[in-house]
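Q: show me how the following folds:
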Amino acid sequence: MKIKVNWINDFGFRAEIRHFKDILIDKSRSFKGNDRGPSPVEYILIGIGSCLGASFIHCCKINNFEIQKLNIVVDGKLTHRKPYNHLELVNVKVELNIIHIEGKKNKKFEKCIEIFREYCVVSNSLIRGLPINVNIKQEFR
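A: Sure, this is the predicted structure:
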């Protein structure tokens, strides 16, 4: 899986993923950006929430359990970490709000509640400490 990210100006970037050619990334105005799109940290939170949601839906589908609605709230906490006082994402809370079609819980639903997290590539990769290798190429003109 490969994406391209190109700098526009200031803190703005444009990403290309598969056939999506115009995904905007920017910092909010409070962080000196132009607010043209979600920030990189917000995209991480979007990824966590949507991956956990898709994992839950996947589990429901393979267990033939139907839900009417699923809303997900992801709350990330940023804080400054010592010794350099750099801003870091230090805690993420995820809340799944489920509206059932059936009038009561059952064993299939309970099974999904128990195991759906196992299917989420994003949260599992982050929890297990995703290695990130950076290679810098320079060109002088």
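Q: and the longest helix for the protein?
A: helix 40-62 (DSSP state H).
Q: distance from it to the middle of the chain?
A: 7 Å (C-alpha atoms, centre = their mean, to the nearest Å).
Q: buried stuff in it?
A: 42, 44-45, 47-49, 51-56, 59-60 (16 or more other C-beta atoms under 10 Å). Yep, even glycine has a C-beta here, placed from its N, CA and C like the rest.
Q: let me see the mean pLDDT of it.
A: Mean pLDDT, helix 40-62: 95.
Q: then stretch 99-107?
A: pLDDT averaged over stretch 99-107 gives 76.
Q: compute the first-to-last residue distance for it.
A: Start-to-end span of stretch 99-107 (C-alpha to C-alpha, to the nearest Å) is 16 Å.
Q: stretch 24-42 too?
A: OK, stretch 24-42 end separation, C-alpha to C-alpha: 12 Å.
Q: returning to what we had before: got CSV for the buried residues of helix 40-62, with distance to Arg18 too?
A: Formatted as CSV, the buried residues of helix 40-62 follow (distance: C-beta to C-beta, whole Å):
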residue, distance to Arg18
Glu42, 20
Ile44, 19
Leu45, 21
Gly47, 15
Ile48, 20
Gly49, 20
Cys51, 17
Leu52, 22
Gly53, 20
Ala54, 16
Ser55, 21
Phe56, 24
Cys59, 25
Cys60, 26
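Q: of the residues you listed, just say which sits nearest to Glu102.
A: Cys60 (11.3 Å; C-beta to C-beta).
Q: list the contacts for the closest one?
A: Glu66, Ile67, Lys108, Phe109, Cys112 (C-beta atoms under 8 Å, 6 or more residues apart in numbering).
Q: distance between stretch 119-137 and the chain's centre?
A: The answer for stretch 119-137 is 12 Å, by C-alpha atoms, centre = their mean.
Q: then stretch 106-117?
A: With C-alpha atoms, centre = their mean, you get 22 Å for stretch 106-117.
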